[in-house]
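Asks: predicted model and sequence follow; I will ask about them next.
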Amino acid sequence: MFDLKDLGWNDRYAFGFEEFARDGLVPGRVSAQEREGYRVIVEAGEYPATVTGRYHHEARHSESMPAVGDWVAASVHDDFARIHVLLARRTALRRKVSNDRVFAPQVVAANIDVVFLATSANRDFNLRRLERLLTLVWESGAEPVVLVTKADLVDDIAPYVAQAEETAYGVPVHAVSAHSGLGLAEFRAHVEPGRTAALVGTSGVGKSTLTNHLLGTRRMRVQSQRESDDRGRHTTTTRELFVLPDGGCIVDTPGLRTVSLWASDEGLESTFGEIEELAARCRFSDCTHKQEPGCAVREGVDEERLASYHKLQRELAFTEQKADKREAAKAKRKWKTFSKAVRRTKNRNT
Ligand code: GDP
Ligand code: ZN
């Protein structure tokens, strides 16, 4: 049995659910996603689940398919559930996925309240990466918190924290160590009952160790379970959303481990808040902060930070271009047909 309030169920989701309840549906939260199907937690327990044929038919984009963390209206059967409706997401962490060389956004986790950006106080410490991850989190609607992990590995953690604070303008930064216990209480305080957290950061920074700390004695990577779906096939799914002993949830999906940049200018601006502020004082309103005279940004921001701002902007432009690749391919085909026609006409004329 689950108390869905621990998982974050609230009046906002409940509002309007009567309509689904009348059809015999119950609220559920997606706890795992794999190629073969989903797992869903409802009040009565956790079930393997698939979307209904109608849902599948009506979901036009990959983004309309359920993701880990999503709230859904489900029907529960003997030993499986069916997902009928996706409830409106409050937040969505996206990444770009390469599919036939067309880049499309994919939701890797939904309804996350707080995202911990973990960067360790040794070789992994990388402010530019931190900037990028921040952009991604701002974009998602979740709240970022920076963790400088493995604080025990350095003599003085203060300069790391100071640099992270400078980069992550206005975002809480905690130095933590799973070994010495430093900062673990501050870390834990962000995951209150009903709130859902996720950890992102490169492999080896200590994400699993911190997750296990929140879970207490419960193992994070639970054994894969073999169970049969409604068609009698055997499926293997591993839970990716964990309910903490005191309430609150933590999400760890394979997708989160490979997040990369999928962000818009809006996210970029919040990450570079001080650049945005300075930009208001540039002489030209459309200043690109590259060579214009009277540029307040070039005057007020150090070269390295400005360079990373420009680099991120280029990456965003590139990403958007990739997303438009389908359109571009269409245009190219048109152009080819056109130029062939022109060539044919020319040949005939010569
Ligand atoms: P993940 O890949 O981000 O999930 O990282 P893990 O949690 O698996 O940790 C990677 C390695 O770092 C393991 O060998 C951990 O024992 C070690 N580690 C984790 N936390 C700390 C810490 O606070 N201090 C130190 N010195 N090592 C840590
Ligand atoms: Zn400027």
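Replies: Nice, I can see it. Numbers count the residues shown, from 1 in each chain. Ligands and ions are numbered 1, 2, ... in the order given.
Asks: which parts of stretch 196-215 are buried?
Replies: 196-201, 205-207, 209-211, 213-214 (16 or more other CB atoms under 10 Å). Heads up, the C-betas are built off the backbone N, CA and C, glycines and all.
Asks: I meant to write stretch 169-188 there.
Replies: Across stretch 169-188, burial judged by 16+ other CB under 10 Å covers 169, 171, 173-178, 182-184, 187-188.
Asks: how about stretch 64-83?
Replies: Within stretch 64-83, the residues scored as buried using 16+ other CB under 10 Å are 65-76, 80-83.
Asks: how far does it stretch from start to finish?
Replies: Distance across stretch 64-83, first residue to last, is 12 Å (CA to CA, to the nearest Å).
Asks: could you do stretch 298-307 as well?
Replies: 10 Å.
Asks: let me see the mean pLDDT of that stretch.
Replies: In this model, stretch 298-307 has a mean pLDDT of 88.
Asks: that stretch vs ligand 2: in contact?
Replies: No: using CB under 5 Å from the ion, we find that stretch 298-307 stays clear of ligand 2, coming within 6.2 Å at best.
Asks: check the offset of that stretch from the chain's centre.
Replies: Its chain's average C-alpha position is 28 Å from that of stretch 298-307, according to CA atoms, centre = their mean, to the nearest Å.
Asks: just stretch 241-260 next, same as before
Replies: Distance, stretch centre to chain centre, for stretch 241-260: 11 Å (CA atoms, centre = their mean).
Asks: that stretch and ligand 1 in contact?
Replies: No: Stretch 241-260 lies apart from ligand 1 when judged by CB under 6 Å from any ligand atom; the minimum separation is 8.1 Å.
Asks: list the buried ones in that stretch?
Replies: Buried-residue list, stretch 241-260, by 16+ other CB under 10 Å: 241-244, 247-253, 255-256, 259.
Asks: what do you get for stretch 2-20?
Replies: By neighbour count with 16+ other CB under 10 Å, stretch 2-20 contains the buried residues F2, L4, D6, L7, G8, W9, Y13, F17, F20.
Asks: endpoints of that stretch, how far apart?
Replies: 20 Å.
Asks: re the thing from before, mind checking which of the buried residues of stretch 169-188 are in strands?
Replies: V173, H174, A175 (DSSP state E).
Asks: and the residues you listed, which is closest to ligand 2?
Replies: Taking CB to the ion as the measure, ligand 2 lies nearest V173 of these, at 28.0 Å.
Asks: looking at it, F116 is touching T196, isn't it?
Replies: No: here F116 lies out of contact with T196, judged by CB atoms under 8 Å, at a distance of 11.7 Å.
Asks: helices of the stretch 51-200 of the chain, start to end?
Replies: 53-58, 127-140, 158-167, 184-189 (DSSP state H, counting those that start in this stretch).
Asks: weakest of the ones you listed by average pLDDT?
Replies: Among the helices of the stretch 51-200 of the chain, helix 127-140 has the lowest mean pLDDT, at a mean of 84.
Asks: and that one, what does it pack against?
Replies: Counting contacts by 3 or more CB pairs under 8 Å, 6 or more residues apart in numbering; DSSP states H and E, helix 127-140 is packed against strand 92-99, strand 114-120, strand 143-149, helix 158-167, strand 196-200, helix 265-271, helix 303-323.
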